[in-house]
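J.: My questions concern the predicted model and sequence given below.
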Amino acid sequence: MIDQRRLPLREEYVTCRTYEDVAAGIREMVIRGAPAIGVAAAMGVALGVAQAAEPDLDAQFARICETLAHTRPTAVNLFWAIERMRKLYESLRGRPLGVIRARLIAEAQQIRLEDIAINKAIGRNGAALVPDGKTVLTHCNAGALATAGYGTALGVIRAAVEAGKKVDVMADETRPFLQGARLTVWELQQDRIPATLITDNMAGHFLKSGRIGCVVVGADRIAANGDVANKIGTYSVAVLAKENGVPFFVAAPISTLDLTLESGDRIPIERRPDAEVTHVFGTAVAPEGTAVENPAFDVTPNRYVTAIITERGVARAPYLESLKRMVVG
Ligand code: MRU
(Lines give C-alpha, C1' and ligand atoms only; values in the text may rest on other atoms or scores of the structure.)
Protein backbone atom coordinates (compact mmCIF):
# COMPACT_ATOMS: atom_id res chain seq x y z
CA MET A 1 0.00 0.00 0.00
CA ILE A 2 1.19 3.52 -0.69
CA ASP A 3 1.37 5.15 2.75
CA GLN A 4 -1.25 7.90 2.54
CA ARG A 5 -0.19 9.32 5.91
CA ARG A 6 3.14 10.37 4.42
CA LEU A 7 1.97 11.90 1.12
CA PRO A 8 2.80 14.29 -0.43
CA LEU A 9 6.09 14.72 1.40
CA ARG A 10 7.20 11.11 1.01
CA GLU A 11 6.13 8.36 -1.39
CA GLU A 12 6.56 5.30 0.79
CA TYR A 13 5.00 1.86 0.63
CA VAL A 14 3.86 -0.41 3.44
CA THR A 15 3.98 -4.16 2.82
CA CYS A 16 1.23 -6.15 4.53
CA ARG A 17 2.40 -9.66 5.28
CA THR A 18 -0.57 -10.82 7.36
CA TYR A 19 -4.28 -10.02 7.57
CA GLU A 20 -3.55 -8.24 10.86
CA ASP A 21 -1.17 -5.95 8.95
CA VAL A 22 -4.00 -5.15 6.53
CA ALA A 23 -6.39 -4.42 9.41
CA ALA A 24 -3.81 -2.12 11.00
CA GLY A 25 -3.27 -0.39 7.64
CA ILE A 26 -6.98 0.36 7.39
CA ARG A 27 -7.35 1.41 11.05
CA GLU A 28 -4.31 3.69 10.97
CA MET A 29 -5.26 5.13 7.58
CA VAL A 30 -2.24 3.97 5.63
CA ILE A 31 -5.03 3.25 3.15
CA ARG A 32 -8.32 5.17 3.29
CA GLY A 33 -11.35 6.05 1.20
CA ALA A 34 -14.43 3.83 1.14
CA PRO A 35 -13.80 1.77 -2.03
CA ALA A 36 -10.06 1.42 -1.27
CA ILE A 37 -10.68 0.01 2.19
CA GLY A 38 -13.22 -2.39 0.68
CA VAL A 39 -10.62 -3.69 -1.77
CA ALA A 40 -8.00 -3.86 1.02
CA ALA A 41 -10.37 -5.83 3.27
CA ALA A 42 -11.05 -8.34 0.46
CA MET A 43 -7.29 -8.72 -0.04
CA GLY A 44 -6.92 -9.10 3.74
CA VAL A 45 -9.43 -11.97 3.82
CA ALA A 46 -7.63 -13.69 0.94
CA LEU A 47 -4.26 -13.19 2.66
CA GLY A 48 -5.60 -14.49 5.97
CA VAL A 49 -6.94 -17.68 4.40
CA ALA A 50 -3.72 -18.14 2.40
CA GLN A 51 -1.95 -18.39 5.77
CA ALA A 52 -4.63 -20.33 7.66
CA ALA A 53 -4.38 -24.06 8.13
CA GLU A 54 -6.89 -26.83 8.68
CA PRO A 55 -8.51 -27.95 10.97
CA ASP A 56 -10.82 -25.21 12.22
CA LEU A 57 -10.71 -23.18 9.05
CA ASP A 58 -14.22 -21.85 9.74
CA ALA A 59 -13.18 -20.42 13.11
CA GLN A 60 -10.10 -18.84 11.60
CA PHE A 61 -12.14 -17.41 8.73
CA ALA A 62 -14.58 -15.87 11.21
CA ARG A 63 -11.68 -14.32 13.16
CA ILE A 64 -10.13 -12.86 10.00
CA CYS A 65 -13.45 -11.28 8.96
CA GLU A 66 -14.10 -10.01 12.47
CA THR A 67 -10.66 -8.39 12.76
CA LEU A 68 -11.02 -6.64 9.41
CA ALA A 69 -14.59 -5.53 10.17
CA HIS A 70 -13.48 -3.90 13.44
CA THR A 71 -11.23 -1.34 11.80
CA ARG A 72 -13.43 1.56 10.69
CA PRO A 73 -17.23 1.67 11.15
CA THR A 74 -18.63 4.20 8.67
CA ALA A 75 -17.70 3.20 5.11
CA VAL A 76 -20.07 0.39 4.19
CA ASN A 77 -17.82 -0.80 1.35
CA LEU A 78 -15.67 -2.49 4.02
CA PHE A 79 -18.57 -4.68 5.17
CA TRP A 80 -19.81 -5.16 1.60
CA ALA A 81 -16.42 -6.56 0.54
CA ILE A 82 -16.09 -8.84 3.60
CA GLU A 83 -19.61 -10.14 2.96
CA ARG A 84 -18.82 -10.89 -0.67
CA MET A 85 -15.74 -12.86 0.41
CA ARG A 86 -17.75 -14.66 3.10
CA LYS A 87 -20.42 -15.75 0.61
CA LEU A 88 -17.77 -17.14 -1.72
CA TYR A 89 -16.04 -18.94 1.17
CA GLU A 90 -19.32 -20.53 2.21
CA SER A 91 -20.02 -21.69 -1.33
CA LEU A 92 -16.61 -23.43 -1.32
CA ARG A 93 -17.12 -25.47 1.88
CA GLY A 94 -15.74 -28.96 1.58
CA ARG A 95 -13.42 -28.09 -1.32
CA PRO A 96 -9.63 -28.62 -0.93
CA LEU A 97 -7.85 -25.82 0.95
CA GLY A 98 -5.72 -25.01 -2.11
CA VAL A 99 -8.84 -24.39 -4.18
CA ILE A 100 -10.41 -22.20 -1.49
CA ARG A 101 -7.26 -20.11 -1.23
CA ALA A 102 -6.92 -19.66 -4.98
CA ARG A 103 -10.59 -18.70 -5.42
CA LEU A 104 -10.46 -16.12 -2.62
CA ILE A 105 -7.32 -14.53 -4.06
CA ALA A 106 -8.95 -14.41 -7.51
CA GLU A 107 -12.09 -12.83 -6.02
CA ALA A 108 -10.13 -10.10 -4.22
CA GLN A 109 -8.30 -9.31 -7.44
CA GLN A 110 -11.62 -9.27 -9.28
CA ILE A 111 -13.05 -6.77 -6.75
CA ARG A 112 -10.04 -4.53 -7.39
CA LEU A 113 -10.45 -4.67 -11.18
CA GLU A 114 -14.21 -4.16 -10.96
CA ASP A 115 -13.68 -1.08 -8.82
CA ILE A 116 -11.57 0.59 -11.50
CA ALA A 117 -14.19 -0.22 -14.18
CA ILE A 118 -16.97 1.06 -11.89
CA ASN A 119 -15.14 4.35 -11.33
CA LYS A 120 -14.72 4.84 -15.06
CA ALA A 121 -18.46 4.25 -15.52
CA ILE A 122 -19.24 6.74 -12.73
CA GLY A 123 -16.96 9.20 -14.53
CA ARG A 124 -18.76 8.69 -17.86
CA ASN A 125 -22.17 9.14 -16.20
CA GLY A 126 -21.10 12.23 -14.30
CA ALA A 127 -19.02 14.08 -16.89
CA ALA A 128 -22.11 15.54 -18.60
CA LEU A 129 -23.17 17.20 -15.32
CA VAL A 130 -19.94 19.17 -14.97
CA PRO A 131 -20.30 22.68 -16.41
CA ASP A 132 -17.67 23.65 -19.00
CA GLY A 133 -15.32 26.50 -18.14
CA LYS A 134 -16.15 26.56 -14.42
CA THR A 135 -14.49 25.50 -11.18
CA VAL A 136 -15.49 22.26 -9.43
CA LEU A 137 -15.30 22.28 -5.65
CA THR A 138 -14.48 19.01 -3.90
CA HIS A 139 -14.02 17.98 -0.28
CA CYS A 140 -11.67 15.30 1.07
CA ASN A 141 -10.12 12.87 -1.40
CA ALA A 142 -12.38 10.72 -3.53
CA GLY A 143 -9.75 10.01 -6.13
CA ALA A 144 -7.51 7.20 -7.32
CA LEU A 145 -5.97 6.99 -3.84
CA ALA A 146 -9.39 6.42 -2.26
CA THR A 147 -10.30 3.66 -4.71
CA ALA A 148 -8.53 0.96 -6.73
CA GLY A 149 -7.90 3.65 -9.38
CA TYR A 150 -9.41 6.65 -11.25
CA GLY A 151 -11.64 7.74 -8.36
CA THR A 152 -15.32 8.56 -7.86
CA ALA A 153 -15.62 12.35 -7.47
CA LEU A 154 -12.21 12.87 -9.06
CA GLY A 155 -13.22 10.25 -11.64
CA VAL A 156 -16.10 12.52 -12.69
CA ILE A 157 -13.64 15.42 -12.97
CA ARG A 158 -11.12 13.28 -14.89
CA ALA A 159 -13.84 12.12 -17.30
CA ALA A 160 -15.03 15.70 -17.86
CA VAL A 161 -11.45 16.74 -18.69
CA GLU A 162 -11.03 13.69 -20.96
CA ALA A 163 -14.27 14.73 -22.73
CA GLY A 164 -12.59 18.04 -23.56
CA LYS A 165 -14.18 20.25 -20.90
CA LYS A 166 -12.14 23.08 -19.45
CA VAL A 167 -12.34 22.34 -15.76
CA ASP A 168 -10.31 23.41 -12.80
CA VAL A 169 -10.70 22.16 -9.25
CA MET A 170 -10.92 23.88 -5.89
CA ALA A 171 -9.97 21.49 -3.10
CA ASP A 172 -10.94 21.98 0.55
CA GLU A 173 -7.92 21.15 2.70
CA THR A 174 -10.12 18.85 4.84
CA ARG A 175 -9.02 19.21 8.43
CA PRO A 176 -8.00 17.35 10.48
CA PHE A 177 -6.40 14.66 8.30
CA LEU A 178 -5.82 17.02 5.34
CA GLN A 179 -6.90 14.60 2.62
CA GLY A 180 -7.70 17.56 0.34
CA ALA A 181 -4.40 19.39 0.76
CA ARG A 182 -2.16 16.33 0.88
CA LEU A 183 -3.88 13.86 -1.43
CA THR A 184 -6.37 15.53 -3.78
CA VAL A 185 -4.02 18.30 -4.83
CA TRP A 186 -1.15 15.80 -5.22
CA GLU A 187 -3.29 13.51 -7.39
CA LEU A 188 -4.56 16.33 -9.60
CA GLN A 189 -1.04 17.65 -10.07
CA GLN A 190 0.05 14.22 -11.36
CA ASP A 191 -2.70 14.48 -13.99
CA ARG A 192 -1.99 18.16 -14.73
CA ILE A 193 -5.54 19.15 -13.82
CA PRO A 194 -5.39 22.70 -12.40
CA ALA A 195 -6.12 22.65 -8.67
CA THR A 196 -6.42 25.45 -6.13
CA LEU A 197 -6.24 24.72 -2.42
CA ILE A 198 -8.47 26.51 0.10
CA THR A 199 -8.99 26.01 3.81
CA ASP A 200 -12.37 24.52 4.73
CA ASN A 201 -13.76 27.78 6.09
CA MET A 202 -13.30 29.49 2.70
CA ALA A 203 -15.80 27.28 0.86
CA GLY A 204 -18.83 29.50 1.58
CA HIS A 205 -17.02 32.56 0.27
CA PHE A 206 -16.23 30.88 -3.04
CA LEU A 207 -19.66 29.24 -3.40
CA LYS A 208 -21.17 32.74 -3.17
CA SER A 209 -18.72 34.20 -5.70
CA GLY A 210 -20.25 32.62 -8.82
CA ARG A 211 -16.95 30.93 -9.70
CA ILE A 212 -18.00 27.40 -8.65
CA GLY A 213 -20.04 25.53 -11.29
CA CYS A 214 -20.77 22.52 -9.10
CA VAL A 215 -19.61 20.55 -6.07
CA VAL A 216 -18.67 16.88 -6.48
CA VAL A 217 -17.85 14.70 -3.47
CA GLY A 218 -17.62 10.99 -2.71
CA ALA A 219 -19.51 9.05 -0.03
CA ASP A 220 -18.84 6.51 2.69
CA ARG A 221 -22.39 5.30 3.09
CA ILE A 222 -25.68 6.34 1.49
CA ALA A 223 -28.95 5.46 3.23
CA ALA A 224 -32.08 4.33 1.38
CA ASN A 225 -33.54 7.85 1.48
CA GLY A 226 -30.43 9.40 -0.11
CA ASP A 227 -28.86 10.83 3.06
CA VAL A 228 -25.10 10.79 2.52
CA ALA A 229 -22.34 10.12 5.05
CA ASN A 230 -19.05 11.58 3.88
CA LYS A 231 -15.96 13.26 5.34
CA ILE A 232 -16.64 15.72 8.13
CA GLY A 233 -17.36 19.13 6.64
CA THR A 234 -19.33 17.82 3.66
CA TYR A 235 -22.64 18.81 5.25
CA SER A 236 -21.56 22.46 5.63
CA VAL A 237 -20.47 22.54 1.98
CA ALA A 238 -23.81 21.04 0.86
CA VAL A 239 -25.87 23.59 2.79
CA LEU A 240 -23.78 26.47 1.44
CA ALA A 241 -24.06 25.08 -2.10
CA LYS A 242 -27.86 24.98 -1.90
CA GLU A 243 -28.01 28.46 -0.36
CA ASN A 244 -26.03 29.76 -3.34
CA GLY A 245 -27.79 27.73 -6.07
CA VAL A 246 -24.74 25.57 -6.84
CA PRO A 247 -25.49 21.90 -7.75
CA PHE A 248 -24.16 19.41 -5.18
CA PHE A 249 -23.32 16.01 -6.68
CA VAL A 250 -22.33 12.81 -4.87
CA ALA A 251 -20.35 10.22 -6.87
CA ALA A 252 -20.31 6.71 -5.43
CA PRO A 253 -20.51 3.05 -6.46
CA ILE A 254 -23.58 0.92 -5.76
CA SER A 255 -21.51 -0.83 -3.05
CA THR A 256 -21.69 2.42 -1.02
CA LEU A 257 -25.49 2.22 -0.83
CA ASP A 258 -26.87 0.80 2.39
CA LEU A 259 -30.55 0.29 1.67
CA THR A 260 -30.98 -1.50 5.01
CA LEU A 261 -30.85 1.93 6.68
CA GLU A 262 -33.98 4.07 6.25
CA SER A 263 -32.14 7.32 6.85
CA GLY A 264 -28.71 8.72 7.59
CA ASP A 265 -29.51 9.05 11.29
CA ARG A 266 -28.60 5.39 11.73
CA ILE A 267 -25.19 5.56 10.03
CA PRO A 268 -22.43 4.91 12.62
CA ILE A 269 -20.03 7.85 12.75
CA GLU A 270 -16.42 7.06 13.54
CA ARG A 271 -14.71 9.10 16.28
CA ARG A 272 -10.99 9.53 15.68
CA PRO A 273 -8.25 10.31 18.22
CA ASP A 274 -8.10 13.79 19.83
CA ALA A 275 -4.51 14.22 18.70
CA GLU A 276 -5.66 14.61 15.08
CA VAL A 277 -7.32 17.86 16.15
CA THR A 278 -4.89 19.12 18.80
CA HIS A 279 -1.79 18.41 16.70
CA VAL A 280 -0.70 19.10 13.14
CA PHE A 281 2.17 16.89 11.92
CA GLY A 282 3.06 16.13 15.54
CA THR A 283 3.09 19.77 16.66
CA ALA A 284 0.53 20.89 19.25
CA VAL A 285 -1.78 23.68 18.06
CA ALA A 286 -3.95 23.75 21.21
CA PRO A 287 -3.20 23.97 24.93
CA GLU A 288 -2.60 20.68 26.69
CA GLY A 289 -5.76 19.16 28.14
CA THR A 290 -8.08 20.81 25.59
CA ALA A 291 -11.45 19.04 25.30
CA VAL A 292 -11.86 17.76 21.74
CA GLU A 293 -14.54 16.34 19.45
CA ASN A 294 -13.35 14.51 16.36
CA PRO A 295 -16.13 12.89 14.34
CA ALA A 296 -14.59 11.67 11.07
CA PHE A 297 -17.82 11.95 9.05
CA ASP A 298 -21.08 13.87 8.91
CA VAL A 299 -24.41 13.14 7.26
CA THR A 300 -25.81 15.40 4.56
CA PRO A 301 -29.62 15.19 4.41
CA ASN A 302 -30.96 14.20 0.98
CA ARG A 303 -32.61 17.60 0.38
CA TYR A 304 -29.16 19.11 -0.24
CA VAL A 305 -28.15 16.45 -2.77
CA THR A 306 -28.83 17.45 -6.39
CA ALA A 307 -27.99 13.97 -7.74
CA ILE A 308 -26.16 10.76 -6.88
CA ILE A 309 -23.92 9.52 -9.68
CA THR A 310 -23.36 5.76 -9.75
CA GLU A 311 -21.95 3.30 -12.28
CA ARG A 312 -25.52 2.45 -13.28
CA GLY A 313 -26.68 6.01 -13.89
CA VAL A 314 -27.69 9.23 -12.15
CA ALA A 315 -30.25 9.05 -9.33
CA ARG A 316 -32.35 12.06 -8.35
CA ALA A 317 -34.99 12.70 -5.69
CA PRO A 318 -37.10 11.03 -4.54
CA TYR A 319 -34.14 8.81 -3.67
CA LEU A 320 -36.16 6.13 -1.93
CA GLU A 321 -37.41 5.09 -5.36
CA SER A 322 -34.50 6.06 -7.60
CA LEU A 323 -31.86 4.29 -5.46
CA LYS A 324 -33.94 1.15 -5.11
CA ARG A 325 -34.43 1.07 -8.91
CA MET A 326 -30.70 1.50 -9.34
CA VAL A 327 -29.92 -1.55 -7.20
CA VAL A 328 -32.67 -3.81 -8.56
CA GLY A 329 -31.89 -2.71 -12.15
O1 MRU B 1 -11.50 9.08 6.49
P2 MRU B 1 -11.34 8.80 5.02
O3 MRU B 1 -10.19 9.52 4.41
O4 MRU B 1 -11.34 7.32 4.72
O5 MRU B 1 -12.66 9.41 4.38
C6 MRU B 1 -12.80 9.36 2.99
C7 MRU B 1 -14.02 10.04 2.48
O8 MRU B 1 -14.81 10.58 3.23
C9 MRU B 1 -14.27 9.92 1.00
O10 MRU B 1 -14.92 11.05 0.52
C11 MRU B 1 -15.14 8.68 0.73
O12 MRU B 1 -14.60 7.56 1.36
C13 MRU B 1 -15.27 8.41 -0.71
S14 MRU B 1 -13.77 7.85 -1.44
C15 MRU B 1 -14.07 7.49 -3.07
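T.: Thanks, I have the structure now.
J.: Tell me the spacing between the residue of the chain most remote from its centre and the ligand.
T.: Going by C-alpha atoms, centre = their mean, the residue of the chain most distant from its centre is residue 55, 36.8 Å out. To the ligand, residue 55 is 37 Å away according to C-beta to the nearest ligand atom, to the nearest Å. (C-beta placed from N, C-alpha, C; glycine too.)
J.: For the stretch 1-150 of the chain, which residues are neighbours of the ligand?
T.: Counting by C-beta under 6 Å from any ligand atom, the positions of the stretch 1-150 of the chain adjacent to the ligand are 32-35, 75, 140, 142, 146-147.
J.: Present these as a markdown table; the columns should include pLDDT.
T.: Shown next, in a markdown table, are these (pLDDT from 0 to 100):
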| residue | pLDDT |
| --- | --- |
| 32 | 98 |
| 33 | 98 |
| 34 | 98 |
| 35 | 98 |
| 75 | 98 |
| 140 | 98 |
| 142 | 98 |
| 146 | 98 |
| 147 | 98 |
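J.: Sort out for me which of these are in strands.
T.: Within those, no residue falls in strands by DSSP state E.
J.: quick check, the residue farthest from the centre of the chain in a strand?
T.: No: in this structure, residue 55 is coil, not part of a strand, as judged by DSSP: H, G, I helix; E, B strand; the rest coil.
J.: Quickly note the distance from it to residue 65.
T.: Plainly put, residue 55 is 18 Å away from residue 65 if you go by C-beta to C-beta, to the nearest Å.
J.: where along the protein do the strands fall?
T.: 135-138, 168-172, 195-198, 212-217, 221-223, 228-231, 248-251, 257-258, 279-280, 283-284, 297-300, 307-310, 313-315.
J.: can the fifth one be found next to the ligand?
T.: No: among the residues of strand 221-223, none lie within reach of the ligand under C-beta under 6 Å from any ligand atom; the closest is 9.0 Å away.
J.: which residue sits closest to the closest residue to the ligand within the chain in space, ignoring its chain neighbours?
T.: Nearest to the ligand, among the residues of the chain, is residue 218, at 2.8 Å (C-beta to the nearest ligand atom). Spatial nearest neighbour of residue 218, excluding adjacent residues (C-beta to C-beta, 6 or more residues apart in numbering): residue 142 at 2.7 Å.
J.: Let me know whether that neighbour touches residue 156 as I believe.
T.: No: in this structure residue 142 lies outside contact range of residue 156 using C-beta atoms under 8 Å: 9.0 Å.
J.: what touches both of the two?
T.: Common neighbours of residue 142 and residue 156, counting by C-beta atoms under 8 Å, 6 or more residues apart in numbering, are 216, 251.
J.: which ones are touching the residue of the chain closest to the ligand?
T.: Residue 218 makes contact with 33-34, 140, 142, 146, 151-153, 230, 250-252, according to C-beta under 8 Å, 6+ apart.
J.: buried residues in the longest helix along the chain?
T.: In the chain, assigned by DSSP state H, the helix with the most residues is helix 97-127. Burial within helix 97-127, assessed by neighbour count using 16 or more other C-beta atoms under 10 Å, is assigned to 100-101, 103-105, 107-108, 111-112, 114-116, 118-127.
J.: Quick one: list the elements packing against it.
T.: When contacts are defined as 3 or more C-beta pairs under 8 Å, 6 or more residues apart in numbering; DSSP states H and E, helix 97-127 sits against helix 34-51, helix 76-91, helix 153-162, strand 248-251, strand 307-310, strand 313-315.
J.: Repeat the analysis, applying 6 Å as the threshold.
T.: Contacts defined by 3 or more C-beta pairs under 6 Å, 6 or more residues apart in numbering; DSSP states H and E place helix 97-127 against helix 34-51, helix 153-162, strand 307-310.
J.: Need those in a markdown table (columns: mean neighbour count).
T.: Shown next, in a markdown table, are these (neighbours: other C-beta atoms under 10 Å):
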| stretch | mean neighbour count |
| --- | --- |
| helix 34-51 | 26 |
| helix 153-162 | 26 |
| strand 307-310 | 26 |
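J.: Looking at these, which is nearest to residue 298?
T.: When those are compared by C-beta to C-beta, helix 34-51 sits nearest residue 298, at 14.7 Å.
J.: what residues does the closest one touch?
T.: Under the criterion C-beta atoms under 6 Å, 6 or more residues apart in numbering, residues 19, 22, 26, 31, 64, 68, 75, 77-78, 81-82, 85, 101, 104-105, 108, 111-112, 115, 146-148, 220, 256 lie in contact with helix 34-51.
J.: on that earlier part again, tell me the confidence at the residue of the chain closest to the ligand?
T.: Looking at residue 218, its pLDDT reads 98.
J.: same deal with residue 54?
T.: On pLDDT, residue 54 comes in at 84.
J.: Now the phi/psi pair for it, please.
T.: phi -80, psi 160 (degrees, to the nearest 10).
J.: Excluding sequence neighbours, find me the nearest residue to it.
T.: Nearest residue to residue 54, sequence neighbours excluded (C-beta to C-beta, 6+ apart): residue 97, at 5.8 Å.
J.: ditto for residue 224
T.: In space, residue 224 is closest to residue 259, 4.5 Å off (C-beta to C-beta, 6+ apart).
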